[in-house]
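Student: The following comprises the amino acid sequence and a computationally predicted model.
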Amino acid sequence: TYHVLEESGPDHDKTYLIEVRIGEEALGTGSGHTKKEAEQQAAAEGMRKAKSTSNSPHGS
């Protein structure tokens, strides 16, 4: 799920900081001028982390 961590800036130029989680585990964060943009960045970071963990010999 996506969680808004922060909204900053004036109403006409907001920046959102979004975190994506599975259960209680945070997988990634992203920022953008729309919630959708921030969610997409968070998802992309989460995917990069998941891939690097699955490729690691010590990953779970």
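Tutor: Alright, I've got the coordinates.

Student: list the buried ones in stretch 19-28?
Tutor: Neighbour-count burial for stretch 19-28, counted by 16 or more other Cβ atoms under 10 Å, picks out Glu19, Val20, Leu27, Gly28. All C-beta atoms are positioned from the backbone trio N, CA, C, and that covers glycine.

Student: Okay, now it: how far is its last residue from its first?
Tutor: 6 Å (Cα to Cα, to the nearest Å).

Student: starting at the chain centroid, how far to the helix or strand bottoming out on mean pLDDT in the chain?
Tutor: Across the helices and strands of the chain, mean confidence by mean pLDDT, DSSP states H and E is lowest for helix 35-55: a mean of 92. The chain centroid and the centroid of helix 35-55 are separated by 6 Å under Cα atoms, centre = their mean, to the nearest Å.

Student: list the helices and strands that helix packs on?
Tutor: Packed against helix 35-55 by the contact rule (3 or more Cβ pairs under 8 Å, 6 or more residues apart in numbering; DSSP states H and E) you find strand 2-8, strand 15-22, strand 25-32.
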